[in-house]
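Q: How does the following fold in three dimensions:
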Amino acid sequence: MYFRTDSQITLTNPEPALELVLEKPASLLNTRLLVNGKPRFKISTVDRNASITEITDLRTQEVVATIRRRTFLPDKVKFPRRFGGKSVKKDDWMTEVKSSTGK
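A: Next up is the predicted model:
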């Protein structure tokens, strides 16, 4: 009879860490996001006012998100495959959560 102990579970190799690096960290307007050293997403500003930014998956050439920054109204984020393809307020999509330490 074979029994698996908790120590055997902890001895397995964990998944490798995910490394995210911006190709041009000084500017988020036109750069690429590298995942584990390989280009994965293109971040490009598509208008002169730098208010609309698209994020494109380089594997599929599909726009996966569009961010629209607005001066007086809330910023909006649009995911073609989420929320029915409709824009949502950035604060509704990205919420701040406090950890158990209160930070």
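
Q: how about the strands in this structure?
A: Listed in chain order, the strands of the chain (DSSP state E) span 20-22, 30-35, 38-45, 52-57, 62-68, 76-78, 87-89.

Q: pLDDT score for T95?
A: T95 is assigned a pLDDT of 71 by the prediction.

Q: check contacts around it.
A: Counting by C-beta atoms under 8 Å, 6 or more residues apart in numbering, T95 makes contact with nothing. No exception for glycine: its C-beta is placed from N, CA and C like everyone else's.

Q: Deepest-packed of the strands of the chain, please.
A: Comparing these by mean neighbour count (mean count of other C-beta atoms under 10 Å), strand 76-78 comes out on top with a mean of 19.

Q: thinking again about what came up before, export the strands of the chain to JSON lines and append columns for distance to P14 and mean pLDDT.
A: Converted to JSON lines, the strands of the chain look like this (distance: least, C-beta to C-beta, whole Å; pLDDT from 0 to 100):
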{"stretch": "strand 20-22", "distance to P14": "18", "mean pLDDT": "89"}
{"stretch": "strand 30-35", "distance to P14": "18", "mean pLDDT": "92"}
{"stretch": "strand 38-45", "distance to P14": "21", "mean pLDDT": "94"}
{"stretch": "strand 52-57", "distance to P14": "26", "mean pLDDT": "93"}
{"stretch": "strand 62-68", "distance to P14": "27", "mean pLDDT": "92"}
{"stretch": "strand 76-78", "distance to P14": "32", "mean pLDDT": "90"}
{"stretch": "strand 87-89", "distance to P14": "34", "mean pLDDT": "85"}
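
Q: mind putting these in JSON lines, distance to T95 included?
A: Output for these, formatted as JSON lines (distance: least, C-beta to C-beta, whole Å):
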{"stretch": "strand 20-22", "distance to T95": "21"}
{"stretch": "strand 30-35", "distance to T95": "22"}
{"stretch": "strand 38-45", "distance to T95": "22"}
{"stretch": "strand 52-57", "distance to T95": "20"}
{"stretch": "strand 62-68", "distance to T95": "16"}
{"stretch": "strand 76-78", "distance to T95": "12"}
{"stretch": "strand 87-89", "distance to T95": "11"}
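
Q: If anything else comes up later, I'll come back, but that's it for now.
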